[in-house]
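*Asks:* Show me the folded form of this:
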Amino acid sequence: MLDLDAAFEGGPWERLYLDLPGFGQTPPLDAPGGLPELADWLDHAVGELIGSSPFAVVGTSLGGLLARDLVARRPDECLGMALIAPVVDSVRENRTLPAAVVLDADPALIAGLNTDDAAAYTELAVVQSPANGERFRRSVLPGLRAANVRAMARLEQNYALPESPDDRLTGFECPVLIVTGRQDAVVGFEDQWALAQRFPHATYALLDRAGHNASIDAADAVQALLREWSGHVAALHAGPS
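*Replies:* Residues are numbered from 1 along each chain as shown. Just a heads-up that it's a prediction; the model follows:
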């Protein structure tokens with residue numbers, strides 16, 4: 001997420017980056033440690049950090065589902081949400097997905113990586129290049145290396161919320177940004193378009209030459225979209241001058 005931080009520079013935002021349990025240095029949750037417990041932890045952490053203060057939220061992938069659950073619990077406090085390649089349905093078999101493709105391959109780049117890093121990079125990289133690989137090394141690889149294996153296994157065993165937050169969000173009036181990748185074979189882009197229909201003030205962006213790591217594959221476009229969205233949210237919150 002730090003690669004996206006520049007989109008918020010110069011604005012009124014205090015940025016809080018949450019290290020989810022088991023994903024980094026925050027200790028894993030006790031068993032069962034599934035998605036419901038992770039969502040409860042997030043809501044509690046937000047309450048501890050900001051109380052009932054207004055906030056906007058940005059989430060990517062699973063974070064996009066957790067963000068929507070958080071907003072469904074705190075709709076009156078949320079000023080807007082931005083979702084990048086968000087999970088819509090946590091059950092993979094229910095998703096509408098394009099075929100996995102690599103548009104630009106860079107064998108020399110892959111050959112220069114160790115076996116584990118090469119496997120992690122090629123799993124999702126749609127456009128392989130030195131610049132893309134460097135963004136992956138800086139922004140994604142540390143998280144993959146830091147993740148607690150047992151915590152991820154428990155999460156995989158219970159990767160569903162007791163109820164979808166989206167029915168509770170229909171008609172949410174604040175600015176919503178949904179960014180998707182045309183070549184995202186993990187969560188797709190069609191389910192996200194259907195999700196966008198729930199929000200009267202949603203901006204939906206489908207980026208070509210971008211997969212599940214859309215903020216890496218199309219870094220400039222994602223930053224520009226976030227910058228516009230966050231400026232709009234800030235302006236609405238500030239009210240007339």
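
*Asks:* Which residues are in contact with residue 202?
*Replies:* Residue 202 makes contacts with 175-178, 196, as judged by CB atoms under 8 Å, 6 or more residues apart in numbering. Heads up, the C-betas are built off the backbone N, CA and C, glycines and all.

*Asks:* Save these as TSV, and put in secondary structure, neighbour count and pLDDT too.
*Replies:* As requested, the contacts of residue 202 are arranged in TSV below (DSSP: H, G, I helix; E, B strand; the rest coil; neighbours: other CB atoms under 10 Å; pLDDT from 0 to 100):
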residue	secondary structure	neighbour count	pLDDT
175	coil	22	98
176	strand	25	98
177	strand	25	98
178	strand	24	98
196	helix	17	97
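
*Asks:* which strands and helices sit next to the helix or strand encompassing residue 41?
*Replies:* Per DSSP states H and E, residue 41 falls inside helix 35-50. Using 3 or more CB pairs under 8 Å, 6 or more residues apart in numbering; DSSP states H and E as the contact criterion, the secondary-structure elements in contact with helix 35-50 are helix 62-73.

*Asks:* Would you mind identifying the next helix or strand past the helix it packs on?
*Replies:* Note on helix 62-73: by DSSP H and E, the next helix or strand toward the C-terminus is strand 78-84.

*Asks:* give me phi/psi at the residue positioned nearest the centre of the chain?
*Replies:* Central residue of the chain (CA atoms, centre = their mean): residue 60, 0.4 Å from the mean position. Geometry field for residue 60 lists phi and psi as phi -120, psi 140, criterion degrees, to the nearest 10.

*Asks:* gap between it and residue 50?
*Replies:* When CB to CB, to the nearest Å is the yardstick, residue 60 and residue 50 sit 20 Å from each other.

*Asks:* same check, this time on residue 19
*Replies:* Shown here: residue 19 relative to residue 50, a distance of 16 Å by CB to CB.

*Asks:* Residue 105 now?
*Replies:* Taking CB to CB as the measure, residue 105 and residue 50 are separated by 44 Å.

*Asks:* for this structure, what spans make up the strands?
*Replies:* Counting by DSSP state E, one finds strands in the chain at the ranges 55-60, 78-84, 176-181, 202-207.

*Asks:* angle of the longest helix that the chain contains against strand 202-207?
*Replies:* Ranked by residue count and defined by DSSP state H, the top helix of the chain is helix 219-238. With axes from the mean of the first three to the mean of the last three CA atoms, to 10 degrees applied, the angle from helix 219-238 to strand 202-207 works out at 170 degrees.

*Asks:* Just the residues contacting helix 219-238, thanks.
*Replies:* Contacting residues not belonging to helix 219-238 are listed as 3-4, 6-8, 11-13, 54, 56, 58, 79-80, 82, 84, 135, 174-175, 177, 179, 203, 205, 207, 210, 214-215 [CB under 8 Å, 6+ apart].
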